[in-house]
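>>> pasting the structure only:
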């Protein structure tokens, strides 16, 4: 009974492993623990087997993925040849452009080993804008900053190795 | 490659089959389906308040508790004064059913007399006599038997209605986890597509239920207050405006037929109470104005973005649902048809996507240690 009452009235201040992961991810760093708790309630956990495709190049995207465990290989098909862009590990993320619109994915993402990913999707972000604009605004500013940073890198380094985090 | 839209014939064949099956279930499990439907309506109505409180810093559980505390307080404050006169009106309506039906009969006869006076061809007909015999039988034999059974039927639903806030509370508290659990069960290959379509269904159902709820509220207030003014201009103590307003709100859920039924009830009741034929005219104007406000102002505003179904399909669905499941069927017909259509489209588009099917098969094979590239080469 005490646990039910506790569950109804109080919130534990213990940071779960998911919060720790999100806090280490640049896009969520500006959010407080309370805000992270709200974000956490709309995230989706997915498990992938080795070699399983997470999304295909050219496919309509729905959101971003944060790697919770395992490794994910991001590659793109250029002139008929597959080019590896990056291999991502815990705390790194990919696919954030799909949060903004449904444009085709610019690369393929595939699990290298058994991987656990956390997905954050566009409809949830849109709902967050309606129900909790403060969190949505904080997140969106970070997202814009991140995309801007990538754009500057692209301009500085030419056209190579730029789509790592924008698949 | 995106899958094509489903073929029209297949789509409607499947949708009608599922619809009829659901209506049949409604007929036999109305005691379960009605509280669930009402709980869903309450859930969709309250969830924005929960979201708002969460945005103000409360946890999800705290927000749900606060919303229900406020709802409980409002119910304690406003339900007794609302239910009291309503209950009196209901019992007086039931006990005076015969008086009102006699009043209705008088109204019809005065209309027939008027028509016979004005037109030649109705003068010699035995229409009035036949109708008189028919209505007398109905009033003196059928009605006394049917009213107690009907009243008992309505009363038997009251304990079940207590389930509504209880179910809505748990839907609000655990609905999010429940949705996540369902989504977790979808294979990775179909996950994104299914999630996207899942949101679409959610958005449409939300829009539809909130729209219908708001529409019923507006129509109820319009008809209730209009009826009050008409009654107040003729008799000292208007007593049926609340009941007629609430009936108008509830029956507004039944497209086309609902407002017509309430209109007839309102005309009969008001004519019997006031003994003034003018009231029928004023009520006709009131219902026409309310219907126009509903159709041209409220409905496009609140239902514009929700599901669009052809009027013929709606009427067809109403006839089937009304025939099989009675009044409950009429209320549930439209939401059931809309959701069935969207769910069919969702499933068709998700599971007919060949690329997604292939990816799902590859994943299943790789679980057994088979290299999918080799399989594809073969």
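Arrived safely, thanks for sending. Note that this is a predicted model, so its numbers are computed, not measured.
>>> how about low-confidence regions in chain A?
Chain A contains residues with pLDDT under 70 at A:1-15, A:158-167.
>>> What residues does the stretch 251-378 of chain B have near chain A?
B:355, B:359, B:362, B:363, B:366, B:367, B:372 (Cβ under 8 Å from any Cβ of the partner chain). Quick note: C-beta positions are derived from backbone N, CA and C, even for glycine.
>>> For residue 20, grab the count of nearby residues.
Unless you meant another one, I'm taking chain A. 11 (other Cβ atoms under 10 Å in any protein chain shown).
>>> Oops, wrong one, chain B.
14.
>>> my guess is it contacts residue B:320, does it?
Yes: Residue B:20 is in contact with residue B:320 according to Cβ atoms under 8 Å; the separation is 6.4 Å.
>>> before we move on, the earlier item: lowest-confidence one in the residues of the stretch 251-378 of chain B next to chain A?
The lowest pLDDT within these belongs to residue B:372, with 53.
>>> Enumerate the positions of stretch B:344-364 that are buried.
B:344, B:345, B:346, B:348, B:349, B:350, B:353, B:356, B:359, B:360, B:362, B:363 (16 or more other Cβ atoms under 10 Å in any protein chain shown).
>>> so of those residues, which ones are in helices?
B:344, B:345, B:346, B:348, B:349, B:350, B:356, B:359, B:360, B:362, B:363 (DSSP state H).
>>> and the biggest helix by length in chain A with chain B, contact?
For chain A, the longest helix by residue count, based on DSSP H, is helix A:133-157. Yes: among the residues of helix A:133-157, A:133, A:134, A:135 lie within reach of chain B under Cβ under 8 Å from any Cβ.
>>> Using a markdown table, please lay out the buried residues of stretch B:344-364 together with distance to residue B:133.
As requested, the buried residues of stretch B:344-364 are exported to a markdown table (distance: Cβ to Cβ, whole Å):
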| residue | distance to residue B:133 |
| --- | --- |
| B:344 | 50 |
| B:345 | 53 |
| B:346 | 56 |
| B:348 | 56 |
| B:349 | 59 |
| B:350 | 61 |
| B:353 | 65 |
| B:356 | 68 |
| B:359 | 73 |
| B:360 | 70 |
| B:362 | 77 |
| B:363 | 75 |
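>>> gap between residue B:266 and residue B:113?
Separation of residue B:266 from residue B:113 (Cβ to Cβ, to the nearest Å): 22 Å.
>>> Neighbour count for those two, which is higher?
residue B:266 (28 against 12).
>>> Show me the shaky parts of chain B.
Along chain B, the model assigns pLDDT under 70 to residues B:1-4, B:82-95, B:120-125, B:139-157, B:300-308, B:368-378.
>>> Show me which helix runs longest in it.
helix B:188-232.
>>> Tell me the buried residues in the longest helix of chain A?
A:135, A:136, A:138, A:139, A:140, A:142, A:143, A:146, A:147, A:150.
>>> Remind me what it packs against, helices and strands.
helix A:33-40, helix A:122-131, helix B:30-55 (3 or more Cβ pairs under 8 Å, 6 or more residues apart in numbering or on different chains; DSSP states H and E).
>>> Go through the last one and flag the buried ones.
Spelled out, it's helix B:30-55. For helix B:30-55, by 16+ other Cβ under 10 Å, it's B:30, B:33-35, B:37-44, B:46-47, B:49-51, B:53-55.
>>> contacts with chain A among those, please.
Checking these against chain A (Cβ under 8 Å from any Cβ), the matches are B:51, B:54, B:55.
>>> Tell me the residues of chain A that contact chain B?
A:7-9, A:11, A:34, A:37-38, A:41-42, A:44-56, A:59, A:61-63, A:121, A:123, A:130-135.
>>> Any of these buried? List them.
Applying 16+ other Cβ under 10 Å to the residues of chain A next to chain B flags A:37-38, A:42, A:44, A:46, A:48, A:51-56, A:59, A:61-63, A:121, A:123, A:131-132, A:135 as buried.
>>> how close does residue B:250 get to chain A?
Going from residue B:250 to chain A by Cβ to the nearest Cβ, to the nearest Å gives 30 Å.
>>> got the contact list for the residue nearest to that residue when sequence neighbours are not counted?
Excluding its sequence neighbours, the residue lying closest to residue B:250 (Cβ to Cβ, 6 or more residues apart in numbering or on different chains) is residue B:216, at 7.0 Å. By Cβ atoms under 8 Å, 6 or more residues apart in numbering or on different chains, the residues touching residue B:216 are B:249, B:250, B:252, B:253.
>>> Tell me, how many residues neighbour residue B:295?
Residue B:295 - counted by other Cβ under 10 Å - has 11 other residues nearby.
>>> Please tell me how far it sits from chain A.
28 Å.
>>> does that residue sit in a helix, a strand or a coil?
With DSSP: H, G, I helix; E, B strand; the rest coil as the basis, residue B:295 sits in helix.
>>> Give me the spatial nearest neighbour of the residue of the stretch 151-300 of chain B found nearest chain A, chain neighbours excluded.
Residue nearest to chain A within the stretch 151-300 of chain B: residue B:199 (3.9 Å; Cβ to the nearest Cβ). Distances taken as Cβ to Cβ, 6+ apart place residue A:123 nearest to residue B:199, at 3.9 Å, with adjacent residues excluded.
>>> isn't that neighbour right up against residue B:201?
No: contact criterion Cβ under 8 Å: residue A:123 and residue B:201 do not qualify, at 11.3 Å.
>>> joint contacts of the two?
With Cβ under 8 Å, 6+ apart, residue A:123 and residue B:201 have no common neighbours.
>>> Give me the phi and psi angles of the residue nearest to residue A:84 when sequence neighbours are not counted.
Among residues not flanking residue A:84 along the chain, residue A:75 sits closest, at 4.8 Å (Cβ to Cβ, 6+ apart). The phi/psi pair for residue A:75 (degrees, to the nearest 10) reads phi -140, psi 160.
>>> close enough to count as contact, residue A:98 and residue A:61?
Yes: between residue A:98 and residue A:61 there is a contact under Cβ under 8 Å: 2.8 Å.
>>> Distance from the chain centre to stretch A:42-61, please.
Put simply, stretch A:42-61 sits 11 Å off its chain's centre (Cα atoms, centre = their mean, to the nearest Å).
>>> Ends of that stretch, what's the gap?
The first and final residues of stretch A:42-61 sit 18 Å from each other (Cα to Cα, to the nearest Å).
>>> Equivalent analysis for stretch A:45-55, please.
So stretch A:45-55: terminal residues 15 Å apart, Cα to Cα.
>>> ok so, going back, closest to chain B among the buried residues of helix A:133-157?
For the buried residues of helix A:133-157, the nearest to chain B is residue A:135 (7.8 Å; Cβ to the nearest Cβ).
>>> Touching, residue B:235 and residue B:274? I think so.
Yes: assessed by Cβ under 8 Å, residue B:235 is found in contact with residue B:274 at 5.7 Å.
>>> who has more neighbours, the two?
Neighbours per residue (other Cβ under 10 Å) separate residue B:235 from residue B:274, with residue B:274 holding more: 18 against 15.
>>> can you pull out the helices in the stretch 251-378 of chain B?
Applying DSSP state H, counting those that start in this stretch to the stretch 251-378 of chain B gives helices spanning B:257-274, B:278-293, B:299-303, B:311-351, B:354-367, B:372-377.
>>> most neighbours per residue, which of the ones you listed?
Mean neighbour count (mean count of other Cβ atoms under 10 Å in any protein chain shown) peaks for helix B:257-274 among those, with a mean of 20.
>>> what's near enough to touch the closest residue to residue A:93 other than its chain neighbours?
Leaving aside its chain neighbours, residue A:93 sits nearest to residue A:66 (4.4 Å; criterion: Cβ to Cβ, 6+ apart). Neighbour list for residue A:66: A:21, A:22, A:25, A:91, A:92, A:93, A:117, A:118, A:120 [criterion: Cβ under 8 Å, 6+ apart].
>>> Now residue A:66: which helix or strand?
strand A:63-69 (DSSP states H and E).
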